[in-house]
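# Need coordinates for the following:
(one chain, ligands or ions: 1)
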Amino acid sequence: MNGPQTKKITRFLCAASLAGLFGSACGIRPETLKNGQPGTELPHCTNQKGEAVRYAAIPGAELQARHNAYIAAADRDRSGRPVIYYDRDIFPGLPRTFRKFVMKHECGHHKAGDVDAPTYEVMFTLMDRELAADCHAIQNLRDTEGFGLRETQEISEAAASIMRDRMIPESIVERRADNLFRCLRPAGPP
Ligand SMILES: [Zn+2]
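Numbering: from 1, shown residues only. Next comes the predicted model:
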């Protein structure tokens, strides 16, 4: 299921649906790269198999061309090791809360096994995977760093701004924001 035609279709869907926005399992193509850039938050992350995930800072153009993603992407490298690539130019200048969120979001893709899911499966569940990774990220930051409404608002605004710059439809921007605030609420009876 990984022929050139399938890949082409997946890339189109990714581009069309926002999907690639914070990275995703879209456009999977392994490669070797440098280690993560110092000075940014790079939390310890393991995937669904318990493998340690490494970080690699790469040029934004490469992130878009090879991973069909902006800001960051979860993937496996040429050697098959799980990795989170991120835009070395843009990422350091983003708000701190948003940087943390993006890395937890990508780690969420690794934890959910999205990176290893068959291409055809990813095609049909793209939006759900993005929403699930967002949910994982905000709940993790709520539970480990005490992120609340203020931080979630900041993250939501940064995300919306980037999505609008990329001409993502407003319905998707709103759906993602709604999902974020819904996930922030503690589980249990209302
Ligand atoms: Zn994603």
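
# List the buried residues of the longest helix seen in the chain.
The longest helix of the chain (DSSP state H) is helix 119-145. Buried residues in helix 119-145, counting neighbours by 16 or more other Cβ atoms under 10 Å, are found at 119, 122-123, 126-127, 129-142. Where C-beta positions appear, they are placed from N, C-alpha and C, glycine not excepted.

# out of these, which touch the ion?
Residues of those in contact with the ion (Cβ under 5 Å from the ion): 130, 133.

# Tell me the spacing between residue 122 and residue 95.
29 Å (Cβ to Cβ, to the nearest Å).

# Distance from stretch 107-118 to the middle of the chain?
Chain-centre distance of stretch 107-118: 10 Å, with Cα atoms, centre = their mean, to the nearest Å.

# Ok, stretch 119-137 next?
Using Cα atoms, centre = their mean, the offset of stretch 119-137 from its chain centre is 10 Å.

# and it, C-alpha only, in PDB?
Only the C-alpha atoms of stretch 119-137 are listed here, as PDB (Å, rounded to 0.1, in the frame of the first residue of the first chain):
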ATOM      1  CA  THR A 119      -1.000   4.800   4.800                       C
ATOM      2  CA  TYR A 120      -4.500   3.900   3.700                       C
ATOM      3  CA  GLU A 121      -5.700   3.800   7.300                       C
ATOM      4  CA  VAL A 122      -4.200   7.200   8.100                       C
ATOM      5  CA  MET A 123      -6.000   8.600   5.000                       C
ATOM      6  CA  PHE A 124      -9.400   7.900   6.500                       C
ATOM      7  CA  THR A 125      -8.700   8.900  10.100                       C
ATOM      8  CA  LEU A 126      -6.500  12.000   9.600                       C
ATOM      9  CA  MET A 127      -8.700  14.500  11.400                       C
ATOM     10  CA  ASP A 128      -9.400  12.200  14.300                       C
ATOM     11  CA  ARG A 129      -5.700  11.500  14.800                       C
ATOM     12  CA  GLU A 130      -5.000  15.300  14.900                       C
ATOM     13  CA  LEU A 131      -7.800  15.900  17.500                       C
ATOM     14  CA  ALA A 132      -6.600  12.900  19.600                       C
ATOM     15  CA  ALA A 133      -3.000  14.200  19.500                       C
ATOM     16  CA  ASP A 134      -4.200  17.700  20.500                       C
ATOM     17  CA  CYS A 135      -6.200  16.100  23.400                       C
ATOM     18  CA  HIS A 136      -3.200  14.100  24.600                       C
ATOM     19  CA  ALA A 137      -1.000  17.100  24.500                       C
END
